[in-house]
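J.: Need a 3D model of the sequence below.
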Amino acid sequence: MSGHSKWHSIKHKKGAADAKRSALFTKLAHTVTIAARQGGGDIDMNPKLSLAVEKAKQANMPKDNIDRAIKRGTGDGSGNQVEEVLYEIFGPGGVGILVQALTNNKNRTVSNLKHILSKYNSTLAAQNSVQWMFELKGVIRLAETEIKDRDDLEMNLIEQGILDIMSEENYLVIYTKMEDLQKIEAWLKNNSYQVEYAEIEWIAKELIEVDVNIEEKLNRLLENLDEDEDISDYYTNVK
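T.: Presented below is the predicted three-dimensional model:
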(Lines give C-alpha, C1' and ligand atoms only; values in the text may rest on other atoms or scores of the structure.)
Protein backbone atom coordinates (compact mmCIF):
# COMPACT_ATOMS: atom_id res chain seq x y z
CA MET A 1 0.00 0.00 0.00
CA SER A 2 2.93 2.37 0.54
CA GLY A 3 3.39 2.34 -3.23
CA HIS A 4 0.27 4.37 -3.99
CA SER A 5 2.01 7.01 -6.06
CA LYS A 6 2.21 8.52 -9.52
CA TRP A 7 4.12 5.49 -10.79
CA HIS A 8 1.48 3.00 -9.71
CA SER A 9 -1.32 5.22 -10.98
CA ILE A 10 0.36 5.47 -14.38
CA LYS A 11 0.85 1.72 -14.63
CA HIS A 12 -2.79 1.18 -13.72
CA LYS A 13 -3.97 3.76 -16.24
CA LYS A 14 -1.99 2.16 -19.05
CA GLY A 15 -4.23 -0.87 -18.77
CA ALA A 16 -7.48 1.06 -18.44
CA ALA A 17 -10.51 -0.29 -20.27
CA ASP A 18 -11.80 1.53 -23.33
CA ALA A 19 -14.73 2.80 -21.30
CA LYS A 20 -12.30 4.77 -19.13
CA ARG A 21 -10.18 6.08 -21.99
CA SER A 22 -11.87 9.47 -22.11
CA ALA A 23 -11.17 10.06 -18.42
CA LEU A 24 -7.60 8.86 -18.89
CA PHE A 25 -7.03 11.26 -21.78
CA THR A 26 -8.43 14.12 -19.70
CA LYS A 27 -6.01 13.35 -16.86
CA LEU A 28 -3.06 13.08 -19.21
CA ALA A 29 -4.01 16.29 -21.04
CA HIS A 30 -4.20 18.18 -17.74
CA THR A 31 -0.77 16.84 -16.79
CA VAL A 32 0.67 18.02 -20.11
CA THR A 33 -0.97 21.43 -19.70
CA ILE A 34 0.43 21.96 -16.19
CA ALA A 35 3.91 20.87 -17.29
CA ALA A 36 3.83 23.28 -20.25
CA ARG A 37 2.64 26.12 -18.04
CA GLN A 38 5.39 25.54 -15.48
CA GLY A 39 8.32 24.97 -17.82
CA GLY A 40 7.32 26.16 -21.29
CA GLY A 41 6.11 24.38 -24.40
CA ASP A 42 9.48 23.21 -25.76
CA ILE A 43 9.75 19.48 -25.06
CA ASP A 44 13.54 19.52 -25.51
CA MET A 45 13.91 22.23 -22.85
CA ASN A 46 11.24 21.01 -20.42
CA PRO A 47 11.94 17.53 -18.96
CA LYS A 48 8.62 17.44 -17.08
CA LEU A 49 6.72 18.17 -20.29
CA SER A 50 8.77 15.58 -22.17
CA LEU A 51 7.81 12.92 -19.61
CA ALA A 52 4.14 13.95 -19.64
CA VAL A 53 3.99 13.80 -23.45
CA GLU A 54 5.71 10.40 -23.46
CA LYS A 55 3.12 9.01 -21.02
CA ALA A 56 0.33 10.42 -23.19
CA LYS A 57 1.82 8.75 -26.28
CA GLN A 58 2.12 5.43 -24.42
CA ALA A 59 -1.61 5.63 -23.72
CA ASN A 60 -2.23 6.20 -27.46
CA MET A 61 -3.50 9.72 -26.90
CA PRO A 62 -3.94 11.47 -30.29
CA LYS A 63 -1.25 13.95 -31.26
CA ASP A 64 -3.83 16.72 -31.75
CA ASN A 65 -4.98 16.29 -28.14
CA ILE A 66 -1.39 16.55 -26.91
CA ASP A 67 -0.72 19.66 -29.02
CA ARG A 68 -3.88 21.36 -27.73
CA ALA A 69 -2.92 20.55 -24.13
CA ILE A 70 0.52 22.13 -24.64
CA LYS A 71 -1.07 25.24 -26.17
CA ARG A 72 -3.42 25.59 -23.20
CA GLY A 73 -0.43 25.48 -20.89
CA THR A 74 1.48 28.15 -22.81
CA GLY A 75 -1.58 30.40 -23.15
CA ASP A 76 -2.03 29.80 -26.87
CA GLY A 77 -5.16 27.70 -26.64
CA SER A 78 -8.78 28.23 -25.66
CA GLY A 79 -10.66 26.72 -22.75
CA ASN A 80 -10.84 27.23 -19.01
CA GLN A 81 -7.64 27.50 -17.04
CA VAL A 82 -6.52 24.23 -15.45
CA GLU A 83 -5.47 24.51 -11.80
CA GLU A 84 -3.46 22.19 -9.59
CA VAL A 85 -5.16 21.56 -6.23
CA LEU A 86 -4.11 19.45 -3.22
CA TYR A 87 -6.80 17.94 -0.99
CA GLU A 88 -6.14 16.47 2.47
CA ILE A 89 -8.26 13.51 3.52
CA PHE A 90 -8.81 11.26 6.50
CA GLY A 91 -9.59 7.91 4.94
CA PRO A 92 -10.98 4.66 6.38
CA GLY A 93 -9.58 4.03 9.85
CA GLY A 94 -8.04 7.51 9.95
CA VAL A 95 -5.57 6.77 7.14
CA GLY A 96 -3.87 9.91 5.84
CA ILE A 97 -4.41 10.57 2.13
CA LEU A 98 -3.26 13.41 -0.09
CA VAL A 99 -5.13 13.82 -3.37
CA GLN A 100 -3.81 15.93 -6.23
CA ALA A 101 -6.31 17.24 -8.75
CA LEU A 102 -5.88 19.03 -12.08
CA THR A 103 -9.15 20.80 -12.74
CA ASN A 104 -10.80 23.63 -14.62
CA ASN A 105 -13.76 23.62 -12.20
CA LYS A 106 -12.91 23.33 -8.50
CA ASN A 107 -16.57 23.29 -7.43
CA ARG A 108 -17.21 20.22 -9.60
CA THR A 109 -14.05 18.53 -8.37
CA VAL A 110 -14.70 18.99 -4.66
CA SER A 111 -18.35 17.95 -5.07
CA ASN A 112 -17.35 14.72 -6.82
CA LEU A 113 -14.61 14.10 -4.27
CA LYS A 114 -17.00 14.49 -1.31
CA HIS A 115 -19.42 12.05 -2.95
CA ILE A 116 -16.68 9.44 -3.32
CA LEU A 117 -15.44 9.94 0.24
CA SER A 118 -18.94 9.61 1.71
CA LYS A 119 -19.09 5.99 0.54
CA TYR A 120 -15.98 4.94 2.47
CA ASN A 121 -16.21 6.66 5.87
CA SER A 122 -13.76 9.29 4.67
CA THR A 123 -13.77 13.08 4.96
CA LEU A 124 -11.96 16.15 3.72
CA ALA A 125 -9.56 17.38 6.37
CA ALA A 126 -8.57 20.86 7.51
CA GLN A 127 -5.48 22.44 5.98
CA ASN A 128 -2.22 20.83 7.12
CA SER A 129 -3.97 18.22 9.28
CA VAL A 130 -2.71 15.51 6.88
CA GLN A 131 -0.06 17.22 4.78
CA TRP A 132 2.36 17.39 7.73
CA MET A 133 2.56 13.58 7.62
CA PHE A 134 4.22 13.76 4.19
CA GLU A 135 7.18 15.47 2.58
CA LEU A 136 8.04 16.23 -1.02
CA LYS A 137 10.87 14.19 -2.53
CA GLY A 138 12.18 13.42 -5.98
CA VAL A 139 11.53 9.83 -7.11
CA ILE A 140 13.40 8.17 -9.98
CA ARG A 141 12.91 4.64 -11.28
CA LEU A 142 15.27 2.51 -13.35
CA ALA A 143 14.58 -0.99 -14.62
CA GLU A 144 16.88 -3.34 -12.69
CA THR A 145 17.46 -5.43 -15.82
CA GLU A 146 19.37 -2.53 -17.38
CA ILE A 147 21.77 -2.10 -14.45
CA LYS A 148 25.04 -3.96 -15.02
CA ASP A 149 26.91 -3.00 -11.84
CA ARG A 150 24.53 -1.97 -9.08
CA ASP A 151 27.23 -1.46 -6.45
CA ASP A 152 29.08 0.97 -8.70
CA LEU A 153 25.87 2.80 -9.55
CA GLU A 154 24.88 3.12 -5.90
CA MET A 155 28.29 4.54 -4.95
CA ASN A 156 28.07 7.12 -7.73
CA LEU A 157 24.53 8.08 -6.75
CA ILE A 158 25.54 8.52 -3.11
CA GLU A 159 28.27 10.88 -4.31
CA GLN A 160 25.57 12.77 -6.23
CA GLY A 161 23.69 13.31 -2.96
CA ILE A 162 20.68 10.96 -3.13
CA LEU A 163 18.61 10.39 0.02
CA ASP A 164 17.87 6.68 -0.36
CA ILE A 165 17.80 3.82 -2.85
CA MET A 166 15.86 0.53 -2.83
CA SER A 167 14.43 -2.24 -5.02
CA GLU A 168 10.72 -2.45 -5.73
CA GLU A 169 8.89 -4.59 -8.32
CA ASN A 170 11.96 -5.07 -10.56
CA TYR A 171 12.84 -1.39 -10.44
CA LEU A 172 15.56 0.51 -8.64
CA VAL A 173 13.87 3.38 -6.81
CA ILE A 174 16.01 6.43 -6.07
CA TYR A 175 14.88 9.14 -3.64
CA THR A 176 16.34 12.63 -3.90
CA LYS A 177 15.88 16.05 -2.42
CA MET A 178 13.21 17.86 -4.41
CA GLU A 179 15.72 20.39 -5.73
CA ASP A 180 18.18 17.63 -6.79
CA LEU A 181 15.78 15.60 -8.96
CA GLN A 182 16.66 17.12 -12.32
CA LYS A 183 20.39 17.12 -11.55
CA ILE A 184 20.44 13.40 -10.69
CA GLU A 185 18.12 12.51 -13.57
CA ALA A 186 20.48 14.33 -15.94
CA TRP A 187 23.51 12.51 -14.44
CA LEU A 188 21.81 9.15 -15.04
CA LYS A 189 20.93 9.99 -18.65
CA ASN A 190 24.42 11.34 -19.32
CA ASN A 191 25.77 7.99 -18.10
CA SER A 192 23.50 6.03 -20.47
CA TYR A 193 20.86 4.92 -17.95
CA GLN A 194 17.27 4.70 -19.18
CA VAL A 195 15.14 6.67 -16.73
CA GLU A 196 11.66 5.13 -16.67
CA TYR A 197 10.15 7.71 -14.32
CA ALA A 198 11.19 10.92 -12.59
CA GLU A 199 8.72 12.98 -10.58
CA ILE A 200 8.21 14.94 -7.38
CA GLU A 201 6.00 12.95 -4.99
CA TRP A 202 4.51 13.31 -1.54
CA ILE A 203 6.23 10.60 0.53
CA ALA A 204 4.88 9.59 3.96
CA LYS A 205 7.30 10.33 6.81
CA GLU A 206 6.06 7.25 8.69
CA LEU A 207 4.02 4.32 7.41
CA ILE A 208 1.21 2.72 9.40
CA GLU A 209 -0.30 -0.76 9.27
CA VAL A 210 -4.05 -1.38 8.94
CA ASP A 211 -6.23 -4.47 9.21
CA VAL A 212 -7.69 -6.30 6.23
CA ASN A 213 -11.10 -4.60 6.43
CA ILE A 214 -9.59 -1.11 6.37
CA GLU A 215 -7.25 -2.11 3.56
CA GLU A 216 -10.17 -3.35 1.44
CA LYS A 217 -12.11 -0.12 1.97
CA LEU A 218 -9.03 1.92 1.17
CA ASN A 219 -8.40 0.00 -2.04
CA ARG A 220 -11.99 0.59 -3.18
CA LEU A 221 -11.70 4.27 -2.31
CA LEU A 222 -8.49 4.62 -4.31
CA GLU A 223 -10.03 2.80 -7.27
CA ASN A 224 -12.87 5.34 -7.23
CA LEU A 225 -10.42 8.22 -7.05
CA ASP A 226 -8.51 6.77 -9.99
CA GLU A 227 -11.67 6.79 -12.09
CA ASP A 228 -12.38 10.49 -11.49
CA GLU A 229 -11.00 12.45 -14.43
CA ASP A 230 -10.02 15.43 -12.24
CA ILE A 231 -7.89 13.36 -9.85
CA SER A 232 -4.33 13.16 -11.13
CA ASP A 233 -2.80 11.29 -8.19
CA TYR A 234 -3.06 10.23 -4.56
CA TYR A 235 -0.69 9.26 -1.76
CA THR A 236 -1.29 7.35 1.47
CA ASN A 237 0.68 6.67 4.63
CA VAL A 238 -0.25 2.97 4.71
CA LYS A 239 2.48 0.35 4.75
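
J.: in stretch 144-163, what's buried?
T.: 147, 153, 157, 162 (16 or more other CB atoms under 10 Å). For every residue, glycine as well, the C-beta is placed using N, CA and C.

J.: Let me fix that, I meant to ask about stretch 42-62.
T.: 43, 46, 47, 48, 49, 51, 52, 53, 55, 56, 59, 61.

J.: Tell me how far the closest residue to the third one other than its chain neighbours lies from residue 209.
T.: Meaning residue 47. Counting by CB to CB, 6 or more residues apart in numbering, residue 47 lies nearest to residue 182, which is 6.2 Å off, once chain neighbours are set aside. Shown here: residue 182 relative to residue 209, a distance of 35 Å by CB to CB, to the nearest Å.

J.: who's more crowded, these two?
T.: Using other CB atoms under 10 Å as the criterion, residue 182 and residue 209 rank with residue 182 on top: 14 against 9.

J.: got the contact list for the one helix or strand that one maps to?
T.: Using DSSP states H and E, residue 182 sits in helix 181-190. Outside helix 181-190, the residues within contact range by CB atoms under 8 Å, 6 or more residues apart in numbering are 47, 138, 140, 142, 156-157, 160-162, 174, 176, 195, 198-200.

J.: quick one, what contacts the nearest residue to residue 167 once chain neighbours are set aside?
T.: Distances taken as CB to CB, 6+ apart put residue 144 closest to residue 167, at 6.6 Å, once the chain neighbours are dropped. Residue 144 makes contact with 150, 167, 170, 171, 172, according to CB under 8 Å, 6+ apart.

J.: so the second one sits in a strand?
T.: Yes - assessed by DSSP: H, G, I helix; E, B strand; the rest coil, residue 167 belongs to a strand.

J.: Relative to residue 193, how far out is it?
T.: With CB to CB as the criterion, residue 167 and residue 193 are 15 Å apart.

J.: coming back round to it: buried stuff in the helix holding residue 182?
T.: Counting neighbours by 16+ other CB under 10 Å, helix 181-190 gives 181, 184, 185, 188 as buried.

J.: Turn those residues into a markdown table, including distance to residue 121.
T.: Shown next, in a markdown table, are the buried residues of helix 181-190 (distance: CB to CB, whole Å):
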| residue | distance to residue 121 |
| --- | --- |
| 181 | 36 |
| 184 | 40 |
| 185 | 39 |
| 188 | 42 |
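
J.: What is the three-state secondary structure of residue 159?
T.: Following three-state DSSP, the label given to residue 159 is helix.

J.: how near is it to residue 184?
T.: Distance, residue 159 to residue 184, by CB to CB: 11 Å.

J.: One more: residue 160?
T.: From residue 160 to residue 184 the distance is 5 Å (CB to CB).
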